[in-house]
Each structure stands twice: as C-alpha cells, then as structure tokens.
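Peer 1: Predicted model and sequence follow; I will ask about them next.
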Amino acid sequence: MPLGPEATARLLAEGRVHQCPGAPETCVKVVAVAELPSRFGEFQVVAFWNEHERQDHAAFVHGDVLGRERVLVRLHSECLTGDAIGSLRCDCRDQLLASLERVAEAEAGVVLYLRQEGRGIGFANKIRAYQLQDQGYDTVEANEALGFRADEREYGIAAHMLNALHVRSIEIMTNNPAKIEDLRRHGVQIDGRIPLVIPPQPSDRAYLETKQRKLGHLLDLEQLDASGATSSGSTR
C-alpha cells in the first residue's frame, strides 16, 4: 500500500514546522508529495528542500515506509551525463534503473536521489575531471588534481530524509562501505547490505577498477567477467 492521505498530510505538516538549528547544512524538510506512476511501478515522489544550501533532493517511495524496519533503500547521487544522457563512462544509469526495479518489487522501499553531482564536486568540475581523465588520469587522480578529495560526498542529508520519512531501519543497496559508515555516523540503523553490481563494460572498466582499488568499493570484477552475471541485472 502507498502512503495514504493521512501519512501524506502528516509529512507535509511536519515539513511546514521543521527546523534544525544545530545542523543547518544537513537540514531538509518535506515540501511536496505526489503520485508518480513509472515504467517500474507505482511510486510517490517526496520533494525535500535544504534552505541552507538552497538545494532540493528527492525520495522516490514505493509502499508505506512510515515506521517500518528493514526498508529497502538506495542512495543515488545525481549524474546528469549517466542518468539522463546514458553516458558509458560510468555505471550510474544502470545502477539507478536496477535500484528502481528492485524497490518496485519490494513491499516497501525508497530511492533517495541526492544532488551530489560528480561525487560532490558539481557538474562543471566533473566535466573538468573528465578532461583530465581524457589525458590519462583516473577518477581519483582527476578529482585530487582539481583540489578536491577523491569523494566529497557526505550523507547527513540522506539520513535526515530517512528520519523525516520515519524509516526505522534499512537494508541498503550499495557497494560502498564508506556510505554505510557515514550513514551509521548520522544515526541510521542498517540491518543489511545488498550488492548492486553491474558487469563491467570496456568503456567503464577502468572507472570501476579505480572504485575497487582506491575507494574500497566491494566489487569482484574478475568474478563478474567470468560469470557475466549480476545480482541486480543490467539494462545495457
């Protein structure tokens, strides 16, 4: 069952009075909720607003997640080139589609869409990093050459969004241990991890190898090469 009228009214009412004096950078509030039928199934979209950064984020909710435990959750950082244009430099689009499919099959789940383009460095800097990658840098080296950390993302906003949705605990779809650690640091109870691995393609293999080698992502590319299989499926 989706979020009913009473649950929706509750989220909106809480959003109207919500304040976070102690941590404005991660403070988000619910500002709108709407039905969102999709090619994957029935969702509701919840719009969040961060007043401090003047930025919006989205939660795509399947089923009634309020007060539930072990909710299936995917945190997806925005990737315009992959998500919208179908870039083959990364596996972002495939991960997004696979996670929407998995959540739609679950009794209840959430895909959080976070406005953290380019591992948090923004769109223009991501394209600058692409330029460096075209010259032989890997993704980590390119970010660092531009004066950034390898990954500038943090997940306090995601934790706040889950709290606003009254999600009590989650099973998270991720290959990134740092994401799990940061969510736990922000108070999210994680009951399990579900891999979301897309088989490597020639165009993104170096990208995935760098995530495995330098960022500690839990990827077994050799096994994927041998089996040609993935637990999440691929849309490529």
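Peer 2: Looks like it arrived, so ask away.

Peer 1: List the residues that contact the nearest residue to D151 once chain neighbours are set aside.
Peer 2: Computed as C-beta to C-beta, 6 or more residues apart in numbering, the closest residue to D151 that is not its neighbour in sequence is R119, at 4.7 Å. No exception for glycine: its C-beta is placed from N, CA and C like everyone else's. By C-beta atoms under 8 Å, 6 or more residues apart in numbering, the residues touching R119 are 77, 126, 143, 150-153.

Peer 1: how about the strands in this protein?
Peer 2: 29-38, 41-50, 55-62, 71-77, 109-114, 170-173, 190-194 (DSSP state E).

Peer 1: Which phi and psi values does the residue of the chain most remote from its centre adopt?
Peer 2: Largest separation from the mean C-alpha position in the chain: Q135, at 28.7 Å (C-alpha atoms, centre = their mean). Main-chain dihedrals, Q135, degrees, to the nearest 10: phi -90, psi 0.

Peer 1: State the distance from it to N143.
Peer 2: The gap separating Q135 from N143 is 14 Å, by C-beta to C-beta, to the nearest Å.

Peer 1: OK, contacts around the one residue sitting closest to the centre of the chain?
Peer 2: What sits nearest the mean C-alpha location of the chain, by C-alpha atoms, centre = their mean, is H76, with 1.6 Å. Shown in contact with H76 (C-beta under 8 Å, 6+ apart): 92, 95-96, 99, 111-114.

Peer 1: hey, what's it bridged with?
Peer 2: Y113 (DSSP bridges).

Peer 1: L114 versus that one, what's the distance?
Peer 2: In terms of C-beta to C-beta, H76 sits 7 Å off from L114.

Peer 1: for this structure, which spans come out with low pLDDT?
Peer 2: The chain contains residues with pLDDT under 70 at 221-236.

Peer 1: What segments of it are helices?
Peer 2: Ranges of helices in the chain, per DSSP state H, are 5-17, 92-105, 117-120, 123-134, 139-145, 156-164, 177-185, 205-214, 221-227.

Peer 1: List the buried residues in the shortest one.
Peer 2: Along helix 117-120, these residues count as buried under the neighbour rule (16 or more other C-beta atoms under 10 Å): 117-120.

Peer 1: would a markdown table of these with distance to V30 be doable?
Peer 2: Output for those, formatted as a markdown table (distance: C-beta to C-beta, whole Å):
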| residue | distance to V30 |
| --- | --- |
| E117 | 23 |
| G118 | 26 |
| R119 | 26 |
| G120 | 23 |
